[in-house]
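Trainee: Mind folding the following:
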Amino acid sequence: MTPSEVERLPLGELVRIKMAQLLDRLGRHRAPDLYRRVLEEVERALLEEVMGRTSGCQTEASEILGIHRNTLRLRLKTLNLARSRAPRRRET
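Mentor: A predicted model of the protein is given here:
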């Protein structure tokens, strides 16, 4: 498959292809918590991409994602993606 063909595939189809490859590699073996691990990996990639595109602005990222800012903060913290804020300087 050429890069341009891959680019035109819907996201769901790309995920299906990658899942088929993973399951083929696993064969008859079972991966503990596969469902949770796959969802976490996809969520991590999504949040990293959106946070990068918004330069870490959680308000803007939450608007793009269509989720509440507090939900985004919780997901970032859960996935260890939360950046610590630089301390604010006091105005004197």
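Trainee: buried stuff in the helix or strand bottoming out on mean pLDDT in the chain?
Mentor: Least confident element among the helices and strands of the chain, by mean pLDDT, DSSP states H and E: helix 3-8 (a mean of 86). The neighbour-count check on helix 3-8 (16 or more other CB atoms under 10 Å) flags nothing as buried. Quick note: C-beta positions are derived from backbone N, CA and C, even for glycine.
Trainee: any idea how far R44 is from the residue nearest to E40 when sequence neighbours are not counted?
Mentor: Spatial nearest neighbour of E40, chain neighbours left out: L79 (6.9 Å); criterion: CB to CB, 6 or more residues apart in numbering. L79 is 5 Å from R44, where distance means CB to CB, to the nearest Å.
Trainee: same deal with C57?
Mentor: Taking CB to CB, one finds C57 at 18 Å from R44.
Trainee: Compare those two (neighbour count), which wins?
Mentor: Between C57 and R44, R44 has the larger neighbour count (other CB atoms under 10 Å), namely 16 against 13.
Trainee: Low-confidence stretches in the protein?
Mentor: Counting by pLDDT under 70, the chain contains low-confidence ranges at 84-92.
Trainee: hey, which helix is longest across it?
Mentor: helix 34-53 (DSSP state H).
Trainee: could you point out which element follows that helix?
Mentor: helix 58-65 (DSSP states H and E).
Trainee: Quick one: name whatever helix or strand follows that next one.
Mentor: helix 69-78.
Trainee: which secondary structure elements does that next one contact?
Mentor: Applying 3 or more CB pairs under 8 Å, 6 or more residues apart in numbering; DSSP states H and E, one finds that helix 69-78 makes contact with helix 34-53, helix 58-65.
Trainee: out of those helices, deepest packed?
Mentor: Ranked by mean neighbour count, the helices and strands packed on helix 69-78 are led by helix 58-65 with a mean of 16 (mean count of other CB atoms under 10 Å).
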